[in-house]
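1. Sequence first, then the predicted structure, then my questions.
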Amino acid sequence: MVIGRRPRTPAAATAALAVALLGLTGCAAYDEDEGQLVASEAREGAGAPHNYPPPGEEPGPAIQGGPPQVYDLEFAQNIGDQVDGEATILGDVVSVHPPAAFVLGSTEGDGANPLLIVAPSGVEGIAEGETVQVTGTVREIDDLEEVIAGLDVDIDPGLGQNDDRAFVVAEEVDASVPPSQ
């Protein structure tokens, strides 16, 4: 018999684990320099553990799972800021270019440059004039030919000539959204 040593119990181990995990609660904060939610040490001004987006800011279109952004002149002018990010965009189909591309226009009729959407899964069921929601990756227009070759899709690279900044490689296209007004 060992004197001075208590037998270990599963309840004690569970309690110790619970205390350790509670100590980790709230260790994530929005890092303005990184532009994302990060696990970090407590910092001055970090706020509550769920402080994304930062106070006074809306989630941007590149935020995965964020609300869809309406494709309008303001969005078109700032799309270059979203390159390599995921965007969910709501817009009107201006033209369809089978087998794997269509052009999205502003739902506001405000003169926004058309936006090329490369749809590797095809454009079947997408019609000119309908409103669609597109989720995909924003790419620089200079990468269009490389992306077309990498996806092995038949698209005329000249389709990207209307927008000198970006295009979207669609991962999902939802044509069941209500039409724009």
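-> Ah, there it is. Residues are numbered from 1 along each chain as shown.
2. Can you show me the helices along the chain?
-> 10-24, 73-78, 144-151 (DSSP state H).
3. Which residue is the nearest non-sequential neighbour of Ile148?
-> Ile155 (5.1 Å; C-beta to C-beta, 6 or more residues apart in numbering). All C-beta atoms are positioned from the backbone trio N, CA, C, and that covers glycine.
4. whoops, Gln133 was the one
-> Asp174 (4.3 Å).
5. what's around the one you found, how many residues?
-> 13 (other C-beta atoms under 10 Å).
6. and what of Glu74?
-> Look at Glu74: counted by other C-beta under 10 Å, it has 14 neighbours.
7. Read off the pLDDT value for it.
-> On the pLDDT scale, Glu74 is placed at 91.
8. Now for the nearest residue to Val94 once chain neighbours are set aside: which residues touch it?
-> Using C-beta to C-beta, 6+ apart and skipping residues adjacent in sequence, the residue nearest Val94 is Gly105, 4.0 Å away. By C-beta atoms under 8 Å, 6 or more residues apart in numbering, Gly105 lies in contact with 71, 91-94, 112, 114-115.
9. which intervals of this structure have sub-threshold pLDDT?
-> 1-66, 162-164, 179-181 (pLDDT under 70).
10. Okay, domains of it per the record?
-> Domain assignment of the chain by automatic domain parsing yields the ranges 26-57, 69-174.
11. can you pull the contacts of the nearest residue to Glu145 once chain neighbours are set aside?
-> Leaving out its chain neighbours, the residue that sits closest to Glu145 by C-beta to C-beta, 6+ apart is Pro157, at 5.1 Å. Residues near Pro157 by C-beta under 8 Å, 6+ apart: 144-145, 148.
12. what number of residues lie near the residue nearest to Ile148?
-> With other C-beta under 10 Å as criterion, Ile155 counts 22.
13. Return the residues in contact with it.
-> By C-beta under 8 Å, 6+ apart, the neighbours of Ile155 are 97, 100-101, 118, 148.
14. so the residue nearest to Gln133 touches Gly136, yeah?
-> No: using C-beta atoms under 8 Å, Asp174 is not in contact with Gly136; the gap is 11.6 Å.
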